[in-house]
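A.B. asks: Need a 3D model of the following:
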Amino acid sequence: MAKPRVYVETTIPSFYHEARTTPDIVARREWTRQWWDAAPANFDLVTSVAVLDELASGPHERREDWLHLVRDLPLLPVEPAIAEIVEAYLQHKVMPAVPAGDALHLALASYHKCDFLVTWNCQHLANANKFGHIRRINAMLGLYVPLLVTPLELLGGNDASESE
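C.D. replies: I've put the predicted structure just below:
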């Protein structure tokens, strides 16, 4: 059986290398690291040039670590239809125009039928209050609907590989 495909969004390498020390940030960093270390055994990880661009535009002292973490992940191609999907998301207020990157990440994961989009962006992506709207718009567009999750939600791995 094929492993579920997971689109790795920009916040994952960012939190993997997070240096802030408040308890909530430390917890997210540790969950991210635990998930990342186990993920290749349970999931097919992918990302995009959009993620690489966002990471490359980050603080100079962090860029190299962030990009190094995702360097071996396959990149999903940005097909011409992706721009139309992003525009539909913006028109239907699925995502805010700024940052438009969130709409692009969702469009890529949806278009390429990723099982999950993993992120710490709980305002615009991994937000249960938005999921119904995202599902309706993706259905209207004939798109697959990836589950929008945090690393913590994926820490258990792939249930299909566990014996009952």
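A.B. asks: Tell me which stretches of the chain form strands.
C.D. replies: 5-8, 44-48, 75-76, 116-118, 147-149 (DSSP state E).
A.B. asks: Give the other helices and strands that the shortest one contacts.
C.D. replies: To tie it back to what came earlier, the one meant is strand 75-76. Applying 3 or more Cβ pairs under 8 Å, 6 or more residues apart in numbering; DSSP states H and E, we find strand 75-76 packed against strand 44-48. C-beta: built from backbone N, CA, C; applies to glycine.
A.B. asks: roughly how far out does the strand it packs on sit from the chain middle?
C.D. replies: Centroid separation for strand 44-48 versus its chain: 9 Å, with Cα atoms, centre = their mean, to the nearest Å.
A.B. asks: Parallel or antiparallel, which strands does that strand pair with?
C.D. replies: If you go by DSSP bridges, strand 44-48 pairs up with strand 5-8 (parallel), strand 75-76 (parallel).
A.B. asks: Can you read off the pLDDT for residue 157?
C.D. replies: Per-residue pLDDT puts residue 157 at 54.
A.B. asks: can you tell me which helix in the protein is longest?
C.D. replies: Counting residues, the longest helix found in the chain (DSSP state H) is helix 23-42.
A.B. asks: Could you check how far that helix is from the centre of its chain?
C.D. replies: Relative to its chain's centre, helix 23-42 lies at 14 Å (Cα atoms, centre = their mean).
A.B. asks: For it, which outside residues touch it?
C.D. replies: Around helix 23-42, the neighbours that count as contacts under Cβ atoms under 8 Å, 6 or more residues apart in numbering are 3-4, 6, 12, 15-16, 18, 20, 45, 69, 118, 120, 150-152, 154-155, 157-158, 161.
A.B. asks: Drop anything exposed from those residues.
C.D. replies: Listed as buried from those are 3-4, 6, 12, 15-16, 18, 45, 69, 118, 120, 150-152, 154, 157; burial here means 16 or more other Cβ atoms under 10 Å.
A.B. asks: Quick check: which ranges of the protein have low pLDDT?
C.D. replies: Scanning the chain with the threshold set as pLDDT under 70 gives 99-100, 157-164.
A.B. asks: Quick one: the helices in it, in order.
C.D. replies: Using DSSP H, helices in the chain cover 11-16, 23-42, 49-56, 60-70, 80-91, 101-111, 128-141, 151-154.
A.B. asks: Deepest-packed of those helices, please.
C.D. replies: Neighbour counts (mean count of other Cβ atoms under 10 Å) averaged over each of the helices of the chain peak at helix 101-111, with a mean of 25.
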